[in-house]
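[1] Sequence and predicted structure, then a few things I'm wondering about:
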Amino acid sequence: MTGAESITILLLLAWGTVAGVDLVSLPQAMLSRPLVAAAVAGALLGDVGAGLRVGAVLELFALDVLPVGAVRYPDYGAAAVGATAVAAGSPWELGLGVAVGIGLLVSAVGGWSLLALRRLNADAVGRRAAALRSGEPAVIRRLHLAAIGRDAARSLLLAAFALGSAAVTLRWVRLDRETAAALTIAAIGAGAASALGGAARGAGSGRRRHWLAAGGVAGTAIGLLVWGLR
Amino acid sequence: MPFVLSRVDDRLIHGQVVIGWGRPLGVQRILLVDDEVAANEWEQDLYRMAVPEGVTIEFAGTVAAAPLLAAWQADARRSMLLTGSVPALVHLYAADPAALHRINLGGLHHRPGRTERLPYLYLTAEEYRSLVELETLGADITAQDVPSAVPVGLGALA
Amino acid sequence: MNGTGRAFLRLLSVQGSWNYERMQGIGMGYAAEPLLRDLRVAEPGRYPEAVVRSAEFFNANPYLAGLALGASARAEYDAVPGEQIVRLRAALAGPLGALGDSLFWAGILPALSGLTLAALALGAGWWAVAVFVVGFNAVRLAISRWSLATGLATGMRVGGALAASKLPRAAARSGAAAAFAVGVGTPLAAAWLLHPFGARGAASALLIAAAGLALARWSGARFTAPRFGLLALGITLLLRLVTA
């Protein structure tokens, strides 16, 4: 490993951690959205095009999620970073499918890690129940900052897992061109289904559903037009 | 028509209720049974503002709600019955077991005396006993915070 | 009341200690500390119980939590009885969750996300992603600032101020915008990415998408997106191995 490579890996690790903390804890600025996490990862890896495409497909999957009131959801931030690391530097048509697979795997692991974190936080709060009744703000402050620290540790571990999975994939997974392309096509199709399924569920019945249909028709028409012009 | 959902949730109307359940079930009316809210005009104003356009909301205290269940069910609108406590649920069930045949435990949160059954469901021993009793009377009770979650039966919550 | 700026910054981490026991409660208490500091001198008898109340169970949309934070802090200074403040917080939580989740999670976020996907598909570069981040956060910070300021100004009358605001209407409209934008962005993004694979590739992707939508319907939406994606990739790999 060269010096430049180690610096890139460290930067990716740091960015994956930032994206992980952003999801729930701080500052919830949508840095954890696949579009953003992957685009920045692509820039760090010198392949923005791969980052944008990985980000777009994982964003389609993430549109399925409606994080309403305390529900469980996958964590796509570090996942998008790891996925971009898989796809960067080689033709995206062949790398995208495998990359998305790694991204989805990491996002599910990330979802579980959030559950574990919330449990650890609840335990910490439970242990300090008597102190919390004292009305001493330092107790609250310490609990809160420790929890953010816990999330930072979780995010760092998840980012390391994502990059580790990417390294293993790059080192060991060898696919012929046809299979790699088929996986890319499958990932795009599955992503589109997730986005539309989530949108239909979120829209419910009535007026919003009509808006979704109208958007779908418009998008398909423009898409066909652009397709023909290319 | 029968209630499309009968739910126990101490946060009453929040994101899970109006987006998570309300939209896919096409809920047109929420029947909020809670003594404190029924007695507070300004709290009712808050909840009215929280429901989407096209959804109406009616408030009643537990005792006042029981005789209304039949009329509520006779209405053609798709209605969700929402209450914030197990005792209120027991009272309503006793008044009209058929109306509350299927019961959704959506969220009861930490309070002294309650223990965790699911991340979103904390129950005292007595609350759990009341629910088991309802089940022996024929109610179909499952815990499920949002439609995309797997429903959990009472047996797994002991 | 001093400390508004610091409270606002702390509010950006309101979910930092999210847990199943108090949800955002500890985060709310953390953000309340700068606001309540003057109460320590003004009303030393009331201060500790105000601190305890500030960290009780709470959950709302994080971007609107400032309304409840500001209103409860104002109410503490106005010497409102403690149990009324507890009631106010509890009564605000659900509606702020419903309203904020509709506005942000089911509205502005998917709307901007769908538009960004469409822009990328039509040839925009990384700057489309930059516009997405800056645009979302400009709206979010403006609404969060307004929330805290309005809560602090109105105290127990916060409900009226919220009802008179544009938020309920905006929440209703943003859902339609989100549906339309995701409707536009999804086929456009798919067409953009599938172009190198030609009509055959697009047809295969369409088939997989249709199967996914059917599966979601049949399984009652219990098939989460990552699981479905991994299943689709797994089956594709298997088919390739068998036919190769």
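    In hand now; what should we look at? Given the structure is predicted, the values throughout are model-derived calculations rather than measurements. Numbers count the residues shown, from 1 in each chain, chains lettered A, B, ... in the order given.
[2] helices or strands next to the helix or strand A:Gly215 falls within in the packing?
    Here A:Gly215, judged by DSSP states H and E, is contained in helix A:207-229. Contact partners of helix A:207-229 among helices and strands, from 3 or more C-beta pairs under 8 Å, 6 or more residues apart in numbering or on different chains; DSSP states H and E: helix A:177-203, helix C:109-121, helix C:167-194. Using the backbone N, CA and C atoms, a C-beta is placed for each residue, glycine as well.
[3] how does it look with 6 Å?
    Secondary-structure packing of helix A:207-229 (3 or more C-beta pairs under 6 Å, 6 or more residues apart in numbering or on different chains; DSSP states H and E): helix A:177-203, helix C:167-194.
[4] mind listing what's buried in that helix?
    A:208-209, A:211-212, A:215-216, A:218-220, A:222-223, A:226 (16 or more other C-beta atoms under 10 Å in any protein chain shown).
[5] How far away from the center of its chain is that helix?
    Using C-alpha atoms, centre = their mean, to the nearest Å, the mean C-alpha position of helix A:207-229 is found 26 Å from that of the whole chain.
[6] who's in contact with that helix?
    Outside helix A:207-229, the residues that touch it by C-beta atoms under 6 Å, 6 or more residues apart in numbering or on different chains are A:199, A:203, C:175-176, C:179-180, C:183-184, C:187-188, C:191.
[7] which bits of chain B sit near chain C?
    Residues of chain B lying near chain C by C-beta under 6 Å from any C-beta of the partner chain: B:11-15, B:18-19, B:42-43, B:45-47, B:49-50, B:53, B:110, B:119, B:147-148.
[8] which of those residues are close to chain A?
    Among the residues of chain B next to chain C, the residues lying close to chain A (C-beta under 6 Å from any C-beta) are B:14-15, B:19.
[9] need the contact list for the closest residue to C:Ala210 other than its chain neighbours.
    With C-beta to C-beta, 6 or more residues apart in numbering or on different chains as the criterion, C:Ala210 has its nearest non-adjacent residue at 7.6 Å, and that residue is A:Ala193. Contacts for A:Ala193 were tallied using C-beta under 6 Å, 6+ apart; they are C:209, C:212-213.
[10] Closest to chain B out of the contacts of helix A:207-229?
    The nearest member of the contacts of helix A:207-229 to chain B, counting by C-beta to the nearest C-beta, is A:Ala203 at 6.8 Å.
[11] Quick check: the closest one touching C:Ala179?
    Yes. Contact criterion C-beta atoms under 6 Å: A:Ala203 and C:Ala179 qualify, at 4.6 Å.
[12] circling back to that earlier point, as TSV, the helices and strands packed on helix A:207-229 with mean pLDDT would be great.
    Output for the helices and strands packed on helix A:207-229, formatted as TSV (pLDDT from 0 to 100):
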stretch	mean pLDDT
helix A:177-203	94
helix C:167-194	96
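[13] For chain C, what lies in contact range of chain B?
    Going by C-beta under 6 Å from any C-beta, the residues of chain C near chain B are C:20-21, C:91, C:94-95, C:97-99, C:101, C:106, C:159, C:163, C:168, C:172, C:221.
[14] For the ones next to chain A among the residues of chain B next to chain C, pick the one with the most neighbours.
    Ranked by the number of neighbours (other C-beta atoms under 10 Å in any protein chain shown), those place B:Gly15 first, at 31 neighbours.
[15] How much space separates that one from B:Gly106?
    From B:Gly15 across to B:Gly106, the span is 12 Å (C-beta to C-beta, to the nearest Å).
[16] Then B:Val51?
    16 Å.
[17] higher neighbour count, those two?
    B:Gly106 (26 against 23).
[18] That one in helix, strand or coil?
    Three-state call for B:Gly106 (DSSP: H, G, I helix; E, B strand; the rest coil): strand.
[19] So what sits opposite the closest residue to it other than its chain neighbours in the bridge?
    Sequence neighbours aside, B:Asp9 is the residue nearest to B:Gly106 in space, at 3.8 Å (criterion: C-beta to C-beta, 6+ apart). Under DSSP bridges, the beta-bridge partners of B:Asp9 are B:Gly107.
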